[in-house]
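Asker: missing the sequence, but the structure's below:
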């Protein structure tokens, strides 16, 4: 079943202890759609400038990602420059040029309207909500956001959150959004704002899912007969070298949501496996600069790494 | 099979957002031995002052912990005062009075010499090594340390590490000891210093075990036939309220080592289950001030929580 994703398609210049790349293809919607494309059909809504050429288009085409919703506008694409030289866990932003993104008005091709899944990557919550409202047929909506929207656009964000089924954010964002420093209480607070489930990403320590009472439509018990409202924690893979952490979270979201979209029903068991696939896709992304690793994966490599994630956490 | 533990038996005054306790029974050897006592026989080597009364003795006696190696010295017991008001994840030390601990000379009762397991809790590495050398019959040695010994007593610490089979330290200590910020490379460095296995504790995110080539005496494959040298990650339980984080790490070590000592052989499967029991005991400790919760557990409560840890991490 197809996923539509709205978010940024951008160029990044990134410096890390492993080296530097200039103007590589990036952006949340790019990482998300490449990661999800190993599981299901993906359709992108974004805007790019005249610097987005056949070379970039070919990256999407090679993964059969539908880019009819990627508008070409006069000017330059969104550009971000950051450095991880001081801290591999947190980028220092050196430059942000919104360029064509500053006046982005998402346009949804009619052909996208039969998408059953929608992912609202991190952009202005007003745009996220507009896209959500314009796609009334979707059956599951995932979303992301960031500190800036939580701090300075909270009212708009709260309206957006009311329409999201699964929210994927990190520890800091969760605590900011909730106003509590305790992870369990913060999760409860966020679930009270609309999302049926919350996936809190912990960077190198993985991610934890918290479930509200309506997380799963047709069942409140999982396959083991145990209460589906218990949290679930998926690991990240301890890696000897992280080349470029950019896009790990968006790749997590792509693997997570892509796997869910590939399954007939969202059950607790599917949700848990999706958390593992999210971690798997994030672990590949950081092995190379930009989206390089995500462009050349095989499903076999993905399954092999899934097995390593299982072995990393399972008693037997 | 019995464990001997050497370390501090102390009184703590602790302030947390949940309240304050004055001079409660504490110390690494206390937390360790109480946690381990639910799995196996425990013998303590420590020193206490005249403020250690029948009331404190009764806490050990109730768990049938052997205290013949706890020396009574003139003066006061080790005292620590700390606050978690600013940060529940890291104590702010307000006062440390070594008292009788300043001249501690561990004395090992003959009756302890048939212990097969030895745990060197966080004290001066010179004393840790002395105890280790004085117990040549032990078959497995666990150890802990802290920043102070890593920074200012490195040479003594390295001599101690050469005699430790399983080292349990936290993320910061691992990076300090190794000189690498990458968790996998840092773990490799530490394993190169002597320990056969390394358990890195992540606080609220659990713990990761790294294995050297000699981690397991009789096998290099675990039950699944998979390579035992892959790391293993155990979770911590997301808790809605942490009353007092003091002693969580020592309780982890006690549950971990106690479970290992209760098993006929140290296999990869036993090691992994021990990581879970470590997390379980740590999760109980932080629910109340001091050792209160550890004093009144049942094996059934421990097994119930073990099942929750499994559900938190296992796909099926």
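Answerer: That came in fine, so what should we check first? Bear in mind the structure is a predicted one, so any value in this text is a computation, not a measurement.
Asker: pLDDT weak spots in chain A?
Answerer: Within chain A, the segments meeting pLDDT under 70 span A:217-228.
Asker: in it, which helix is the longest?
Answerer: Longest helix in chain A by number of residues (criterion: DSSP state H): helix A:268-285.
Asker: so which elements touch that one?
Answerer: On a contact count with 3 or more C-beta pairs under 8 Å, 6 or more residues apart in numbering or on different chains; DSSP states H and E, helix A:268-285 meets helix A:28-36, strand A:197-201, strand A:207-211, strand A:232-234, helix A:248-261, helix A:299-313. All C-beta atoms are positioned from the backbone trio N, CA, C, and that covers glycine.
Asker: go again with 6 Å.
Answerer: Packing partners of helix A:268-285 (3 or more C-beta pairs under 6 Å, 6 or more residues apart in numbering or on different chains; DSSP states H and E): strand A:232-234, helix A:248-261, helix A:299-313.
Asker: now the angle between helix A:268-285 and the second one, please.
Answerer: The reference is to helix A:248-261. 140 degrees (axes from the mean of the first three to the mean of the last three C-alpha atoms, to 10 degrees).
Asker: related to what we said a few turns ago, so which of the helices and strands packed on helix A:268-285 is the most surrounded?
Answerer: Among the helices and strands packed on helix A:268-285, ranked by average contacts under mean count of other C-beta atoms under 10 Å in any protein chain shown, first place goes to helix A:248-261 (a mean of 29).
Asker: just the helices in chain A please.
Answerer: Using DSSP H, the helices assigned to chain A run over residues A:28-36, A:54-62, A:125-134, A:147-152, A:154-161, A:171-178, A:183-191, A:248-261, A:268-285, A:299-313.
Asker: those helices: which one's closest to residue B:209?
Answerer: Smallest distance to residue B:209 across these (C-beta to C-beta): 10.0 Å, for helix A:299-313.
Asker: count the neighbours of the spatially closest residue to residue A:162 that is not a sequence neighbour for me.
Answerer: Distances taken as C-beta to C-beta, 6 or more residues apart in numbering or on different chains put residue A:194 closest to residue A:162, at 4.0 Å, once the chain neighbours are dropped. Using other C-beta atoms under 10 Å in any protein chain shown, residue A:194 has 17 neighbouring residues.
Asker: now residue A:180
Answerer: 16.
Asker: likewise for residue A:266?
Answerer: Residue A:266: 23 neighbours (other C-beta under 10 Å).
Asker: please tell me how far it sits from residue A:252.
Answerer: Here residue A:266 is placed at a distance of 17 Å from residue A:252 (C-beta to C-beta, to the nearest Å).
Asker: follow-up on the earlier one: quick one, the longest helix of chain A and strand A:197-201 angle?
Answerer: Orientation check (the same axes, to 10 degrees): helix A:268-285 against strand A:197-201 gives 30 degrees.
Asker: which ones are touching residue A:15?
Answerer: Residue A:15 makes contact with A:83, A:85, according to C-beta atoms under 6 Å, 6 or more residues apart in numbering or on different chains.
Asker: is it in a bridge, and if so with what?
Answerer: Beta-bridge pairing for residue A:15 (DSSP bridges): residue A:20, residue A:83.
Asker: TSV for the helices and strands packed on helix A:268-285, including distance to chain B?
Answerer: Converted to TSV, the helices and strands packed on helix A:268-285 look like this (distance: least, C-beta to the nearest C-beta, whole Å):
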stretch	distance to chain B
strand A:232-234	5
helix A:248-261	12
helix A:299-313	5
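Asker: quick check: which of the helices of chain A is buried the most?
Answerer: Highest mean neighbour count among the helices of chain A (mean count of other C-beta under 10 Å): helix A:28-36, with a mean of 31.
Asker: chain B contacts on chain A?
Answerer: Counting by C-beta under 6 Å from any C-beta of the partner chain, chain A comes close to chain B at A:183-185, A:202, A:205, A:226, A:230-231, A:233, A:235, A:238, A:240, A:272-273, A:311-315.
Asker: one more time with 8 Å
Answerer: Residues of chain A lying near chain B by C-beta under 8 Å from any C-beta of the partner chain: A:88, A:181-185, A:187-188, A:202, A:204-206, A:208, A:210, A:223-224, A:226, A:230-235, A:238-242, A:269, A:272-273, A:276, A:308, A:310-316.
Asker: leaving out chain neighbours, which residue sits closest to residue A:203?
Answerer: Per C-beta to C-beta, 6+ apart, closest to residue A:203 is residue A:89, 5.6 Å.
Asker: residue contacts, that neighbour?
Answerer: Residue A:89 makes contact with A:203, A:204, A:245, according to C-beta atoms under 8 Å, 6 or more residues apart in numbering or on different chains.
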